[in-house]
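A.B. asks: when you get a sec, could you give me coordinates for this:
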Amino acid sequence: MARGVTIIEILVVLAIFAIISGVVFFNFRGFNDVMYLERLTHDIASQIEEAKRAAISGEDPASFSGICSSTSKPCKPSYGVHFDQSASPNIISYFRDQDNNSSFDDPNELIRAFNPPTGYSIEDICFDGNAVCPSNELTVVFTRPFPDAALSSPSGPISNMAEIKVISPDGYKRTIAVYITGQVSVR
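C.D. replies: Numbers count the residues shown, from 1 in each chain. Prediction:
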């Protein structure tokens, strides 16, 4: 009897290899999308945490006068992150609240702006666990020496928490929750 590999055995091995490669190839895009969304939401949460750290530590850039215009007393600037879902593409602004009025109302306060990559966007901004999401803007501000967050929208202050819902091009979703206690979580 001759030893060797028959053409049928080679075809079976090639078919198995093709099926496994196809499954891996077609699932890679979904996996990549989920991982990129995960990284994006953690980057956004890191921006919020960075604002908290800068405010609590009393980071005081040389360009800051040290006098708050709202009180005319010496102070350290507050830091925050502003989310604007209505802009296309969405804008996430990291800012120094130089007048300590807990809002992003002066373009000179901007430290840096960030846009989610093409296809990724802020789907909703919800407050206090409501299913109805009434606003497309959110401002999160931290003021020294407190770790608490001041959450506000154009309609006024938020009493408990805010959720920023981010969606990927393939429809995968992640939520960043920010509580008035200063806690930030990604779900």
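
A.B. asks: show me where the protein has helices.
C.D. replies: Residue ranges of the helices in the chain, as given by DSSP state H, are 7-57.

A.B. asks: spatially central residue for it, please.
C.D. replies: For the chain, Ile44 is the residue whose C-alpha lies nearest the centre (CA atoms, centre = their mean; 2.6 Å).

A.B. asks: which residue packs closest to it, ignoring adjacent ones?
C.D. replies: In space, Ile44 comes closest to Ile176 once its chain neighbours are excluded; the distance is 5.7 Å by CB to CB, 6 or more residues apart in numbering. For every residue, glycine as well, the C-beta is placed using N, CA and C.

A.B. asks: pLDDT weak spots in the protein?
C.D. replies: Counting by pLDDT under 70, the chain shows low-confidence ranges at 1-2, 61-74.

A.B. asks: coming back round to it: ok, what's across the strand from the residue nearest to Ile44?
C.D. replies: Partner residues in beta bridges with Ile176: Ile164, Val186, with DSSP bridges as the criterion.

A.B. asks: give the contact list for it.
C.D. replies: When contacts are counted by CB atoms under 8 Å, 6 or more residues apart in numbering, Ile176 is found next to Thr41, Ile44, Ala45, Ile48, Glu163, Ile164, Val166, Val184, Ser185, Val186, Arg187.

A.B. asks: can you put those in CSV and add distance to Val140?
C.D. replies: Listed next are those as CSV, based on distance: CB to CB, whole Å:
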residue, distance to Val140
Thr41, 15
Ile44, 11
Ala45, 11
Ile48, 6
Glu163, 12
Ile164, 9
Val166, 15
Val184, 9
Ser185, 13
Val186, 14
Arg187, 17
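
A.B. asks: looks like the residue nearest to the centre of the chain contacts Tyr94 (just checking).
C.D. replies: No. With contact taken as CB atoms under 8 Å, Ile44 and Tyr94 are classed as non-touching, separated by 10.3 Å.

A.B. asks: shared neighbours, those two?
C.D. replies: Phe114.

A.B. asks: tell me the one of the contacts of Ile176 nearest Phe83?
C.D. replies: Within these, the smallest distance to Phe83 is 5.9 Å, found for Ile164 (CB to CB).

A.B. asks: quick check: that closest one vs Arg29, distance?
C.D. replies: According to CB to CB, to the nearest Å, Ile164 and Arg29 sit 25 Å apart.

A.B. asks: more crowded one of these two?
C.D. replies: Summary of the neighbour comparison: Ile164 and Arg29, criterion other CB atoms under 10 Å, with Ile164 having more neighbours (26 against 11).

A.B. asks: how close does that one get to Thr139?
C.D. replies: With distances defined as CB to CB, the gap from Ile164 to Thr139 amounts to 12 Å.

A.B. asks: anything in contact with each of the two?
C.D. replies: Counting by CB under 8 Å, 6+ apart, the contacts common to Ile164 and Thr139 are Phe83.

A.B. asks: how many other residues sit next to the residue nearest to Thr181 when sequence neighbours are not counted?
C.D. replies: Counting by CB to CB, 6+ apart, Thr181 lies nearest to Asp148, which is 6.1 Å off, once chain neighbours are set aside. Counted with other CB under 10 Å, residues neighbouring Asp148 total 14.
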